[in-house]
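J.: Build the 3D model from these lines:
(one chain, ligands or ions: 1)
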Amino acid sequence: MTDATTLVIFGVSGDLTSRLLLPALGQLLTLETSRRVRLIGADREDWSDADLQTLVSTAFASADAAGAVSRVDITYRKTDITRADDLSALLSDCSGQVALYFAVPPAVTTAAFQALTPEMLPEGAVLVMEKPFGVDEASARSLNRVLARLVPESQVFRVDHFLGRSTTLNLLGARFANRLLEPLWSAESIESVGIVYDEKLGLEGRAGYYDNAGAMVDMIQSHLLQVLAVLAMEEPATLGEVDFRAATTAVLRATTVWGDDPATASRRARYTAGTVAGVEKPSYVDEPGVDPSRNTETLAEATFEVRNARWAGVPFTLRSGKALGDPAREIVVRFRPVRHVPTGLTGSADGAVLRFSLGPDRISLELNLNGADDPFELERATLSADLGQGTLRAYAEVLSGVLDGDPTLAVRGDAAEQSWRIIEPILAAWRRDEVPLDEYVAGSAGPASWAAVR
Ligand code: NDP
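T.: The predicted structure follows:
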């Protein structure tokens, strides 16, 4: 691709832009030397082009991409994106392939969509927005209706950068390109699946957002359900956006809370004061900006069933939490044991376990083999491979799709609605206090009473 794409970033002075988007753009341009970008940054600040140039240079340098700055044509436009005349003036200067990235708070994005009209948008313009997409199924549906009046669905990018993570994409190769796994990928051979993304990080000053979201909405509703969808989907004929997104969305449509009982299928907890990696953390409720009466959880776990012929009866347990010591980040696929082990072979013959670890990316397979000392006694052996970080950071992968106008790794509108539909019974049960809000010491592995996710 040699023609410059115009990337308009609304909210260019914000945290997401400087910490994630611009470094990812630098990395992408460093790897793909024929790509050129015209960057228009828009915000309410009284900045000049030179101010934006400085921001871009610093962000690119942080990604070892300082050399790519010269391939970006940089302009700053002071804009209030909730005002139709501001938007219209900015967009009338955009031509060619245009991507509009809304790196602004969700309420501002919604207000901007209401101010936009189809006539203002350049032909083929793509609209890119961040999570959270709505605050429940009904609001996601109404936001989708607003978007549908502006552009076709294939020009809407609901970003979920977990879809750009190399481990998520590794699932595709592992599942569909190995005769060893492909025929076994169903309830016939798989006993359970765990998808865990725990973090050492605490609130990091983001109480304004997080205290209204919590771990269930922040991580499970968006990221981990998308990973579940890739893991459990039927084989798409192609990895084009139509086939891929139809397959992942079909999984979400079939997914429901285990046993239709959110009170027994979910758990929640929040951290108390402790030490994480040598750093003291206050109790979550004492963090600046937190309202303890919201009962926001910092650790959430829920079990789901994908009710279709391939997966019925297999528990998928998703978990994510903050301020945890030695945090697990992995997809764990547990296979059923064999039906019979020959008499004379002793020891445990648990099913094989396939793990995809996230960051550093690694895959491992635990098998039962004959023991070294006593060949008739089974021993567990682990085969493993380090996969590295993947060439592109997850955000660069997402940005590459945005600049190419390819929405394969973006969440489709109905999938966004489904992921709210899936977790809403859990949130309702939590509001009714049917599930206790447990506590765990920051830096521990979670509440002592919780068994490890299987
Ligand atoms: P910030 O608050 O840091 O930045 C938002 C930017 O938008 C600010 O520069 C703000 O300017 C600007 N803005 C607000 N209103 C307007 C307006 N009417 N017209 C023009 N600009 C406006 O937010 P983040 O960067 O953290 O987040 C942006 C989006 O990304 C949110 O939807 C968030 O949920 C999402 N997200 C963020 C992540 C992160 O790590 N930061 C991770 C994943 C998603 P001003 O200062 O003048 O208000």
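J.: contacts, neighbours, all on C-alpha from now
T.: Fine.
J.: For the residue in the stretch 201-350 of the chain that the ligand sits nearest to, what are phi and psi?
T.: With CA to the nearest ligand atom as the measure, Y209 is the residue of the stretch 201-350 of the chain nearest to the ligand, at 7.2 Å. Phi and psi for Y209, reported as degrees, to the nearest 10, are phi -90, psi -50.
J.: How about V306?
T.: The phi/psi pair for V306 (degrees, to the nearest 10) reads phi -100, psi 100.
J.: please renumber so the chain begins at 153
T.: Fine by me, first position is 153 from now on; the one you just mentioned is V458.
J.: Tell me the spacing between it and S536.
T.: Going from V458 to S536 by CA to CA, to the nearest Å gives 29 Å.
J.: which SS state does D198 fall under?
T.: The local conformation at D198, judged by DSSP: H, G, I helix; E, B strand; the rest coil, is coil.
J.: my guess is it meets K230, correct?
T.: Yes - assessed by CA atoms under 8 Å, D198 is found in contact with K230 at 6.5 Å.
J.: more neighbours, those two?
T.: Neighbour count, other CA atoms under 10 Å: between D198 and K230, K230 has more, with 16 against 10.
J.: residues in contact with the more buried one?
T.: K230 is in contact with A194, D195, R196, E197, D198, W199, counting by CA atoms under 8 Å, 6 or more residues apart in numbering.
J.: Let me know the average pLDDT across the helix or strand harbouring L521.
T.: Using DSSP states H and E, L521 maps to strand 513-522. Rounded to a whole number, the mean pLDDT of strand 513-522 is 94.
J.: Tell me which strands that strand pairs with, and in which orientation.
T.: Paired neighbours of strand 513-522 in the sheet (DSSP bridges): strand 505-509 (antiparallel), strand 530-540 (antiparallel).
J.: Of these, which is nearest the ligand?
T.: Between the ligand and the strands paired with strand 513-522, the tightest spacing by CA to the nearest ligand atom is seen for strand 505-509, at 21.3 Å.
J.: what comes into contact with the closest one?
T.: With CA under 8 Å, 6+ apart as the contact definition, strand 505-509 has outside contacts at 319, 481-487, 514-519.
J.: Please repeat the previous calculation with a cut-off of 10 Å.
T.: Contacts to strand 505-509, defined as CA atoms under 10 Å, 6 or more residues apart in numbering, come from residues 319-320, 322-323, 326, 342, 344-349, 480-488, 514-519, 534-539.
J.: tell me which parts of the protein are close to the ligand?
T.: Residues of the chain lying close to the ligand by CA under 6 Å from any ligand atom are 162-169, 195-197, 231-234, 255-258, 260, 282-284.
J.: which of those residues are buried?
T.: Applying 16 or more other CA atoms under 10 Å to these, the neighbour count classes 162-165, 169, 195, 231-234, 255-256, 258, 260, 282-284 as buried.
J.: and Y228, backbone torsions?
T.: phi -110, psi 140.
J.: Just confirm it contacts L207, I think it does.
T.: No - counting by CA atoms under 10 Å, Y228 stays clear of L207, with 11.1 Å between them.
J.: anything in contact with each of the two?
T.: Taking CA under 10 Å, 6+ apart as the contact rule, the neighbours common to Y228 and L207 are V164, D201.
J.: before we move on, the earlier item: among the buried ones among the residues of the chain next to the ligand, which are in helices?
T.: Counting by DSSP state H, these place P258, V260 in helices.
J.: Hmm, L321 and L539 touching each other?
T.: No - assessed by CA under 10 Å, L539 is found out of contact with L321, at 11.8 Å.
J.: Quick one: mean pLDDT over whichever strand or helix holds L404.
T.: Assessed by DSSP H and E, L404 sits inside helix 393-406. Averaged over helix 393-406, pLDDT sits at 98.
J.: The very next helix or strand once past that helix - contacts with which helices or strands?
T.: Following helix 393-406 in sequence order, the next helix or strand is strand 407-409 (DSSP H and E). With contacts taken as 3 or more CA pairs under 10 Å, 6 or more residues apart in numbering; DSSP states H and E, strand 407-409 sits against helix 377-384, helix 414-417, strand 451-458, helix 565-583.
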